[in-house]
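>>> Got a predicted structure here, sequence first:
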Amino acid sequence: MDETETQLFVDPVQEAEKHIEASTTLDDVADSSRLDRDDRDTESFLFSAAATLFYHPNGGGKRANFERNNEVEWYRRMRQPGVFFKRLRMTESSFDVLYNQVKLFMRYPGNGRVGHPPKIHLRIRLLLVLYRLAQGGCLLLTCDTADFSESTFNRVLREVLSAIECALPTPMFPSSVDGQSNVAVDFVNLLGCLLRKVTGVIDGFLIPIRTPTARMKVSYSCRKCLYPLYLLAITDSRKRFLWTHSGLPGSIGDSRAFQESRFNRKNKFSTPVLYAGFSLLADGGFASKKWLLKPYPRDQRNEKRRYVNYVLSSARVIVENAFGVLEGRWRILHHGICTDVETARQVCDVCVLLHRFLIERGDSWTDNVDVRDTDPDVTAEDMTSDGDDADSLRLRIELCEALWASYHC
């Protein structure tokens with residue numbers, strides 16, 4: 001560590017008191033009010049003396065060394081054994097791999113002036129943003145912990161988020177028969193799913209953000225009395241996100257969000273994304289489709305249909321687990337994203353990319369995972385769709401009979 005980094009902050013008022021006491025004669029001791037700290041005149045005198053002592057060429061004083069060290073010391077503390085994984089919720093090897101991919105899209109350290117790259121090293125910038133995503137909470141507390149100014153952090157945040165988006169691949173739903181078959185096989189082998197051609201589970205997730213402007217409040221207000229962003233995602237049996245649709249206002253529902261997505265429009269009007277026989281699992285908040293399996297509503301259940309709901313919910317719960325791991329690892333999604341709406345959307349997308357990146361590297365996080373208050377057996381009011389409704393109901397009845405027959409074999 002440099003000598004300048006180890007020097008402590010020097011209080012000029014205390015140094016002025018010591019200088020005055022050292023230079024005070026015996027005749028001046030009788031006047032005790034001179035150094036009475038409760039007296040306003042004494043306080044003004046001490047500050048004047050401190051200014052004279054430290055800034056006068058012949059004052060003999062020494063300026064206080066209280067300058068930022070470009071977060072080097074904070075970076076060294078974070079890289080200590082046992083601290084890194086607890087604070088960032090990823091291993092150091094995963095961080096090094098991520099840094100090698102992201103640094104190509106970041107600006108090299110500059111002079112720190114307005115419009116120029118900051119002085120902070122690329123590795124420290126990436127570490128700070130990941131620390132912010134993993135810990136969440138108050139921005140001021142994060143800046144004080146890392147000895148960062150808020151304005152500099154906001155510049156670094158936008159730069160690093162854009163670099164991560166460029167470096168990591170966007171989740172893509174399998175477009176080939178072999179790819180969808182592999183996902184379906186994993187559902188059977190890893191989850192014991194009784195349905196042989198399930199290629200994913202779809203659901204929505206609300207992420208609280210800072211209160212938007214007055215003209216945007218209505219569109220972001222939801223039933224949970226907060227202003228969230230809506231994240232629609234399809235997950236596989238390994239809790240990876242195969243497809244996401246993020247940045248939507250929190251007031252939008254599951255069915256409407258999916259109907260307006262490119263995935264649904266492409267599967268309905270152009271070349272289908274899902275091949276014949278493959279399907280997705282969803283809850284009751286989605287509209288019925290031939291390739292979208294959903295449970296029976298509560299008022300339509302009998303013994304056969306309850307068993308069908310049990311089979312569907314046993315496999316569908318994986319999407320709730322994926323959202324729990326996402327929110328448990330990146331706590332900023334739990335505490336709320338205290339930025340503007342556009343930056344909040346970018347934070348959401350980056351957390352999804354990092355979630356998939358770490359799962360593919362085998363970097364798991366199981367501590368403090370959020371348990372979402374969602375009962376897989378509780379379904380919303382049954383949503384219907386357009387021309388696919390009759391075919392989807394017929395297929396669901398056939399599925400019910402087939403599962404019930406296999407259950408009694």
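Perfect, I can see it now.

>>> State the number of residues packed around residue 223.
For residue 223, the neighbour count with other Cβ atoms under 10 Å is 9. Heads up, the C-betas are built off the backbone N, CA and C, glycines and all.

>>> So it versus residue 252, what's the distance?
12 Å (Cβ to Cβ, to the nearest Å).

>>> And residue 279, by the same measure?
From residue 279 to residue 252 the distance is 24 Å (Cβ to Cβ).

>>> Equivalent analysis for residue 242, please.
21 Å.

>>> okay, the two: which has more neighbours?
A count of neighbours by other Cβ under 10 Å puts residue 242 above the other of residue 242 and residue 252, at 22 against 17.

>>> part of a helix, is that one?
No. In this structure, residue 242 is strand, not part of a helix, as judged by DSSP: H, G, I helix; E, B strand; the rest coil.

>>> so what's it up against?
Taking Cβ atoms under 8 Å, 6 or more residues apart in numbering, we find residue 242 in contact with 171, 172, 173, 174, 183, 200, 234, 235, 236.

>>> So which bits of stretch 142-156 are buried?
Of the residues in stretch 142-156, 142, 143, 145, 146, 148, 152, 153, 154, 155, 156 count as buried by neighbour count, 16 or more other Cβ atoms under 10 Å.

>>> So in this protein, which helix runs the longest?
If you go by DSSP state H, the chain has its longest helix at helix 303-329.

>>> That one packs against which elements?
Helix 303-329 sits against helix 177-191, strand 198-208, strand 228-235, strand 279-281, helix 332-335, helix 341-360, helix 388-407, with contacts defined as 3 or more Cβ pairs under 8 Å, 6 or more residues apart in numbering; DSSP states H and E.

>>> looking at those, which is closest to residue 164?
Smallest distance to residue 164 across the helices and strands packed on helix 303-329 (Cβ to Cβ): 5.0 Å, for helix 341-360.

>>> so that closest one versus strand 198-208, what angle?
140 degrees (axes from the mean of the first three to the mean of the last three Cα atoms, to 10 degrees).

>>> low-scoring pLDDT stretches of the stretch 301-409 of the chain, where are they?
Within the stretch 301-409 of the chain, the stretches with pLDDT under 70 are 366-390, 408-409.

>>> hang on, the earlier thing: mind putting the helices and strands packed on helix 303-329 in JSON lines, distance to residue 88 and mean neighbour count included?
Output for these, formatted as JSON lines (distance: least, Cβ to Cβ, whole Å; neighbours: other Cβ atoms under 10 Å):
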{"stretch": "helix 177-191", "distance to residue 88": "28", "mean neighbour count": "16"}
{"stretch": "strand 198-208", "distance to residue 88": "20", "mean neighbour count": "24"}
{"stretch": "strand 228-235", "distance to residue 88": "22", "mean neighbour count": "24"}
{"stretch": "strand 279-281", "distance to residue 88": "33", "mean neighbour count": "24"}
{"stretch": "helix 332-335", "distance to residue 88": "12", "mean neighbour count": "20"}
{"stretch": "helix 341-360", "distance to residue 88": "10", "mean neighbour count": "20"}
{"stretch": "helix 388-407", "distance to residue 88": "44", "mean neighbour count": "14"}
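
>>> Save the ones you listed as a markdown table, and put in distance to residue 218 too.
As requested, the helices and strands packed on helix 303-329 are arranged in a markdown table below (distance: least, Cβ to Cβ, whole Å):
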| stretch | distance to residue 218 |
| --- | --- |
| helix 177-191 | 39 |
| strand 198-208 | 16 |
| strand 228-235 | 14 |
| strand 279-281 | 31 |
| helix 332-335 | 23 |
| helix 341-360 | 14 |
| helix 388-407 | 31 |
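
>>> between the ones you listed, which one is nearest to residue 119?
Checking the helices and strands packed on helix 303-329 against residue 119 by Cβ to Cβ gives helix 341-360 as the closest, at 22.6 Å.

>>> Helices of the stretch 51-200 of the chain, residue ranges please.
Assigned by DSSP state H, counting those that start in this stretch, the stretch 51-200 of the chain shows helices spanning 72-78, 84-88, 92-102, 122-135, 139-145, 150-167, 177-191.

>>> export the ones you listed to CSV and tack on mean pLDDT and distance to residue 339?
Below are those laid out as CSV (pLDDT from 0 to 100; distance: least, Cβ to Cβ, whole Å):
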stretch, mean pLDDT, distance to residue 339
helix 72-78, 83, 22
helix 84-88, 89, 20
helix 92-102, 94, 20
helix 122-135, 92, 10
helix 139-145, 82, 8
helix 150-167, 91, 8
helix 177-191, 92, 34
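
>>> Excluding chain neighbours, give the residue nearest to residue 222 in space.
Excluding the flanking residues, the one nearest residue 222 by Cβ to Cβ, 6 or more residues apart in numbering is residue 250, at 4.3 Å.
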